[in-house]
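1. below is the structure, and that's it, no one-letter string:
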């Protein structure tokens, strides 16, 4: 040990006095024999092998390529050579060591390097302060793991809801299910020669038909004025909307233009494949400008904007747009005209039905937004707990921590 600590019941020492790290073993793709044992790489578990060399419990962190991820493994596993794993926990509680490593900042060890690499000796030399009693280590780890478990439960719920939304989109946007959740009977369909069964009151049209929208509208603007601006990076992947709004003084019409209620659809690879599509709900200026790599769809008054967004992001329309990209590899784009003459879909002509479909899907998204907000609150709580519990600033009070968890 180095020096005595000011915290009663805690000790100070080098990390290696509490746990010893070891570099993992190489395993090439050609050497992998499919089996039941997870192979833990610096970015997690993607493959399983027929043998292992580390018994649980296991704590693994990235050594090369991806640095900073820490994994706790409760089954026999293979630690890949892109990782460091705890070979010896000494007399420390494994789950406590897992959280202790999570809290470490490894950036100082690979700043400026092309491929981030972490040396186990750098961690071994770090000075750490830990409870001398394994029981207190266990109590701290138990509290933090409760937060992680709560996060995992909510994340699983989000994934289940996303699967439900995907299924509902497929059935709602083909009219198999009505907005109230009931299935249409056979008598409520007619046969379209190209599309098959279509609900009565719906029409099969190109999704970019002029009766539904204007594509790349030429809105008027004043040169030299400042307008909202959306670069490609501002759109989140996975159809998750606009991440931020920039502003820009516009002196020419060399950008795409949009208004509130319009939809931006990325037309260039890999942004198209990644789902950079967004309905513009909030703006600071009446007209906005965006990257020329967007196609702008402006729904007509007879079309609900939210419904139209779901139509453009449906699996069928999105996958077709990707398949119809043109150009050289790496610079392929979706021609806007394919929405006029190649990509068709059945569309309810009744505005009220469009809105009902959109509201049903939107309600699912909103429920997940609430769950994501809870995860953010739990992550903030975990960060605070790690800062206080792992430094001894706050001693373990299980009852108090449980009350905090109940409020989230």
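-> It's in. Keep in mind the model is a prediction, meaning the values are calculated, not measured.

2. now do the closest residue to residue 81 other than its chain neighbours, the pLDDT please.
-> For residue 81, ignoring the flanking residues on the chain, the nearest one in space by Cβ to Cβ, 6 or more residues apart in numbering is residue 26 at 4.3 Å. Yep, even glycine has a C-beta here, placed from its N, CA and C like the rest. Per-residue confidence (pLDDT) for residue 26: 94.

3. what number of residues lie near residue 26?
-> Look at residue 26: counted by other Cβ atoms under 10 Å, it has 9 neighbours.

4. and what of residue 242?
-> Residues contacting residue 242 under the criterion other Cβ under 10 Å number 19.

5. surely it meets residue 230?
-> Yes: assessed by Cβ atoms under 8 Å, residue 242 is found in contact with residue 230 at 6.4 Å.

6. about what we covered before: so the residue nearest to residue 81 makes contact with residue 78?
-> No: if you go by Cβ under 8 Å, residue 26 and residue 78 don't touch, sitting 10.2 Å apart.

7. low pLDDT regions in this protein?
-> For the chain, applying pLDDT under 70 flags the ranges 1-5, 109-114, 397-408.

8. for residue 296, grab phi and psi.
-> The phi and psi values for residue 296, taken as degrees, to the nearest 10, are phi -110, psi 130.

9. which residue ranges of the stretch 51-200 of the chain form strands?
-> 58-62, 70-73, 78-79, 83-88, 127-131, 189-192, 196-199 (DSSP state E, counting those that start in this stretch).

10. ok, now the stretch 251-400 of the chain?
-> Using DSSP E, counting those that start in this stretch, the strands found in the stretch 251-400 of the chain span residues 256-258, 263-266, 277-279, 288-290, 294-299, 344-348.

11. pairing partners for the fifth one, with directions?
-> Meaning strand 294-299. strand 213-215 (antiparallel), strand 263-266 (antiparallel) (DSSP bridges).

12. now, of the ones you listed, which is deepest in the fold?
-> Of all the strands paired with strand 294-299, strand 263-266 has the most neighbours on average by mean count of other Cβ atoms under 10 Å, namely a mean of 25.

13. contacts for that strand?
-> Under the criterion Cβ atoms under 8 Å, 6 or more residues apart in numbering, residues 230, 232, 235, 256, 258, 272, 274, 276-280, 290, 293-299, 305, 308-309, 312, 321, 334 lie in contact with strand 263-266.

14. weed out the non-buried ones from those residues.
-> Among these, those classed as buried by 16 or more other Cβ atoms under 10 Å are 230, 235, 256, 258, 272, 276-280, 290, 293-299, 305, 308-309, 312, 321, 334.

15. hey, where'd the helices end up in the stretch 301-408 of the chain?
-> Taking DSSP state H, counting those that start in this stretch, the helices of the stretch 301-408 of the chain run over residues 305-313, 315-323, 338-341, 351-389, 398-407.

16. output the contacting helices and strands for the shortest one.
-> Counting by 3 or more Cβ pairs under 8 Å, 6 or more residues apart in numbering; DSSP states H and E, the packing neighbours recorded for helix 338-341 are strand 202-206, helix 315-323.

17. check the offset of that helix from the chain's centre.
-> Relative to its chain's centre, helix 338-341 lies at 31 Å (Cα atoms, centre = their mean, to the nearest Å).

18. what do you get for the second one?
-> Once both centres are worked out by Cα atoms, centre = their mean, helix 315-323 turns out to sit 21 Å from its chain's centre.
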